[in-house]
Each structure stands twice: as C-alpha cells, then as structure tokens.
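**Q** got a sequence here, can you build the structure:
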Amino acid sequence: MTASPIRWGIIGTGHIARRFAGDLRHSATGRLVAVGSRDAGKAAAFAAQFGDEIASGETAAVLERGDVDAVYVGTVNRAHAPLALSALEAGKPVLVEKPLAPTWRDAEAVRAAASARGLLAMEAMWMVFTPGIIRLKAMLAEGAIGSARSLSANLSYARPYRPGEEIFDPETGGALLDLGVYPVALALHLFGAADETAAIVERNGAGSVRQASLISRHGQVLTKLSCGFETEGPNGATVSGEHGRIALAGPFFCPPSLTLTRHFAGSRLDYRDERAAATSGDAAGDQPPPSRPALNAPKAETLPTPFAGSGLQYQADHFAECLCAGLVESPLHPLSRSLAALRIMEQAQRSGG
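**A** Model (predicted):
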C-alpha cells in the first residue's frame with residue numbers, strides 16, 4: 001500500500017483507456033489526474049466524463065506535468081512503444097497496454113530504456129492480477145490437483161473484418177496480438193518459459209491473422225492455446241493435473257469462478273483412506289464399502305472469485321506497490337515475460353502460415 005495515492009496520467013481516449021479510468025475508482029492506491037491525446041479536444045471531452053478537476057491536453061504536455069506520478073498508455077498497438085519511450089524520456093514510470101509492443105524488437109527498446117533510466121515499466125497484462133488468476137496460481141502451488149500436466153485455453157470473439165481498422169493491420173494487429181496474447185501470457189505465468197512451440201495460423205486476404213492455434217511445452221506441461229475473430233468461443237480455460245482439474249469460467253482472463261474437480265486415480269493415499277473408512281463402517285454394521293469406481297468418482301466444487309469493476313484496477317494497485325518499493329520491474333509480471341510472449345507469437349506467425 002502506498003502512503004499517498006499515485007497520480008495517474010492516461011494517454012489515449014479509446015475503449016481500453018476509458019475502462020482503465022473507470023476502474024481507477026475502485027483502486028486502493030491511485031487516482032486519475034490528467035488525460036493526454038494527439039487531439040486535445042478528445043482528451044478534454046474524455047477528462048470531463050471523470051471529473052471537473054482532471055486536467056487534459058496534448059500528449060507531450062501531459063507527460064511534462066509535475067503532478068503526474070505514473071503514465072498508463074492505452075492506445076492502438078502501433079503507438080505503445082513510441083509513447084512508452086516518450087514517457088520514460090520524460091522521467092515517468094509507465095504501464096503499457098498489452099501487447100507491450102507489436103514486435104519483440106520494439107518491446108526490447110522499451111525494456112532497455114526503462115533499465116537505463118532506472119524507471120518502472122510494466123505491460124498491462126491485467127489478467128495476472130485478477131482475483132481468479134491469483135487464486136488459481138495459489139491452488140496449483142498448494143497441490144490442489146497434484147502435478148499439473150496440461151492447460152487448455154481459448155479466447156475468440158466474432159469480429160467482422162473492416163479494412164482500415166487498426167485491429168486488422170497485418171503488422172501491428174490481428175487475433176494473435178489482440179487476443180492470443182492472453183492464453184500465451186497465462187501459460188507463461190503459470191508454468192514458466194516454453195521449451196518449444198508449434199502453431200497453425202490462418203490469415204484473411206489482407207494478411208492479418210484471423211485465427212490461430214498453438215501448442216507449447218513448458219517442462220512436463222503441454223498447453224493447447226487458441227484465439228480468433230471468426231467465432232464466439234467458450235473463452236474458458238482448464239488446467240489438468242494428476243489428481244484433478246481446475247476450470248476457469250469465461251472469460252478466463254478475469255474468471256468469475258473456478259471449478260475444482262478432484263479424483264483419486266493415481267492417488268493411492270486418498271484411495272486407501274476412503275477404503276479404510278468404508279471398511280471400518282462395515283465392521284460397525286453399516287452399509288458395505290462402495291465399489292472402486294464410486295471411490296474414484298470426481299468431486300466438483302465451485303469457488304466464486306468476485307471482482308470489482310471490470311478488473312483493471314488490480315494491475316494499477318500492483319504497479320503502485322512496485323513503485324512505492326522502488327522496483328524497476330514487477331516480480332509478478334516482469335518485462336522478460338512480455339518479451340517471451342512476443343517471441344512465441346512472432347514464431348507462430350512465421351511458422352504457422
């Protein structure tokens with residue numbers, strides 16, 4: 001927790017910037033003080049929706065403000081790296097909307113600039129900090145399903161192709177950068193670096209990725225990840241292990257609940273314990289012990305993971321804690337992980353078609 005609120009400046013006036021501004025109302029550590037844009041008029045209209053006291057102006061002017069402690073970049077992908085570099089040059093710690101940059105090279109430039117200036121920089125992979133993902137990782141660490149063996153995650157939203165929209169740009173947009181970054185980031189967050197990746201990628205006539213499937217191996221864990229603009233997907237995820245599975249209700253990047261299903265296959269200790277209890281009951285004149293299939297029947301438990309707003313404030317609070325502690329990288333979502341995700345997606349685009 002910070003001693004005083006972090007004063008945020010937002011660069012961008014689109015949908016994601018609006019969500020971030022709205023969710024700051026739920027933040028325990030920060031408040032919005034300024035909005036910047038290439039169009040000062042748009043910045044003023046945006047700021048007015050969130051309070052008369054919020055300043056606005058062109059991007060450069062907002063970055064130079066002394067009352068801005070940290071900058072959130074919430075623009076189209078192609079502007080992420082240039083604006084992050086501008087913020088760092090102005091001496092501002094920066095939280096950059098995902099993906100950190102459209103390419104690994106651009107993202108590395110951001111990492112190098114932050115390191116050289118000793119400033120905190122982080123990709124806004126808000127999923128990592130949502131209550132459901134935090135609980136999932138804790139359950140895996142506690143051995144709730146034994147040793148993890150696989151992850152399946154899908155994120156697909158039907159989005160008709162419209163020429164000229166940034167999201168469909170062949171170089172800086174497409175389904176992989178817009179949606180695929182989430183399942184890839186989830187795999188890296190839960191299981192570390194990928195040892196190998198294979199991919200199938202489909203593009204539209206303009207060359208933009210419209211859907212993709214990836215398989216990657218992280219030690220003993222095999223991941224099956226998919227994304228696309230072609231259909232409305234289930235948008236859930238499941239982690240399976242030796243003794244059960246955990247299903248994330250969609251959308252998995254901020255799941256409203258987790259479902260833990262346990263089984264006893266391969267767990268001799270659990271099986272012996274239940275068999276012993278059943279035999280003991282039989283000796284006392286109760287019903288005979290159940291058959292082995294009944295002992296192995298899955299046991300499911302739904303665990304609600306409620307969140308406030310749309311969930312973007314949790315990353316802002318983590319960023320503020322890192323800033324207060326004098327860190328230049330997040331221990332939960334370091335820039336090295338953002339770079340690793342871009343490596344995987346670039347490899348997928350090259351090898352997958």
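**Q** the stretch 251-353 of the chain: strands as residue ranges?
**A** If DSSP state E, counting those that start in this stretch is used as the criterion, the strands of the stretch 251-353 of the chain fall at 257-262, 299-304.
**Q** so for K137, which of those strands sits nearest?
**A** strand 257-262 (11.0 Å; CB to CB). Bear in mind the C-beta positions are built from the backbone N, C-alpha and C, glycine included.
**Q** where in the stretch 151-300 of the chain is pLDDT low?
**A** Scanning the stretch 151-300 of the chain for pLDDT under 70 picks out 264-297.
**Q** mind listing what the closest residue to L188 other than its chain neighbours touches?
**A** Using CB to CB, 6 or more residues apart in numbering and skipping residues adjacent in sequence, the residue nearest L188 is R337, 5.4 Å away. R337 sits next to A185, L188, H189 when contact means CB atoms under 8 Å, 6 or more residues apart in numbering.
**Q** and which of the residues you listed is nearest to A206?
**A** Of all the contacts of R337, A206 sits closest to A185, with 26.1 Å by CB to CB.
**Q** so which strand or helix has the closest one?
**A** Taking DSSP states H and E as the criterion, A185 maps to helix 181-191.
**Q** show me how far that helix is from its chain's centre.
**A** Its chain's average C-alpha position is 7 Å from that of helix 181-191, according to CA atoms, centre = their mean, to the nearest Å.
**Q** and stretch 96-106, by the same measure?
**A** Computed by CA atoms, centre = their mean, the chain-centroid distance of stretch 96-106 equals 14 Å.
**Q** first vs last residue of stretch 144-152, how far apart are they?
**A** Distance between the boundary residues of stretch 144-152 (CA to CA, to the nearest Å) amounts to 18 Å.
**Q** quick one: mean pLDDT over stretch 20-40.
**A** Computed over stretch 20-40, the mean pLDDT rounds to 97.
**Q** for that stretch, buried residues please.
**A** Across stretch 20-40, burial judged by 16 or more other CB atoms under 10 Å covers 20-24, 26-27, 29-37, 40.
**Q** and it, end to end?
**A** In stretch 20-40, first residue to last residue: 19 Å (CA to CA).
**Q** how about the residue nearest in space to the middle of the chain, secondary structure?
**A** The centroid of the chain falls nearest to M127 when counting by CA atoms, centre = their mean (3.0 Å). Under DSSP: H, G, I helix; E, B strand; the rest coil, the three-state class of M127 is helix.
**Q** which non-adjacent residue is nearest it?
**A** Of all residues not flanking M127 in the chain, F253 sits nearest, at 3.9 Å (CB to CB, 6+ apart).
**Q** number of nearby residues for R149?
**A** 14 (other CB atoms under 10 Å).
**Q** so which helix or strand takes in it?
**A** strand 148-156.
**Q** after that strand comes which helix or strand?
**A** helix 175.
**Q** show me what that next one is packed up against.
**A** Secondary-structure packing of helix 175 (3 or more CB pairs under 8 Å, 6 or more residues apart in numbering; DSSP states H and E): strand 209-218.
**Q** only alpha carbons, please: show the strand it packs on as CSV.
**A** What follows is strand 209-218, C-alpha atoms only, in CSV (Å, rounded to 0.1, in the frame of the first residue of the first chain):
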residue,chain,number,x,y,z
VAL,A,209,-4.2,-13.1,-38.5
ARG,A,210,-7.9,-14.1,-38.2
GLN,A,211,-7.4,-17.2,-36.0
ALA,A,212,-4.6,-19.3,-34.6
SER,A,213,-3.9,-22.4,-32.6
LEU,A,214,-0.7,-23.0,-30.7
ILE,A,215,0.8,-26.0,-28.8
SER,A,216,3.7,-25.4,-26.4
ARG,A,217,5.6,-27.4,-23.9
HIS,A,218,6.6,-26.0,-20.6
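**Q** after it, next one along is what?
**A** Remark: after strand 209-218, the chain's next helix or strand is strand 221-228, criterion DSSP H and E.
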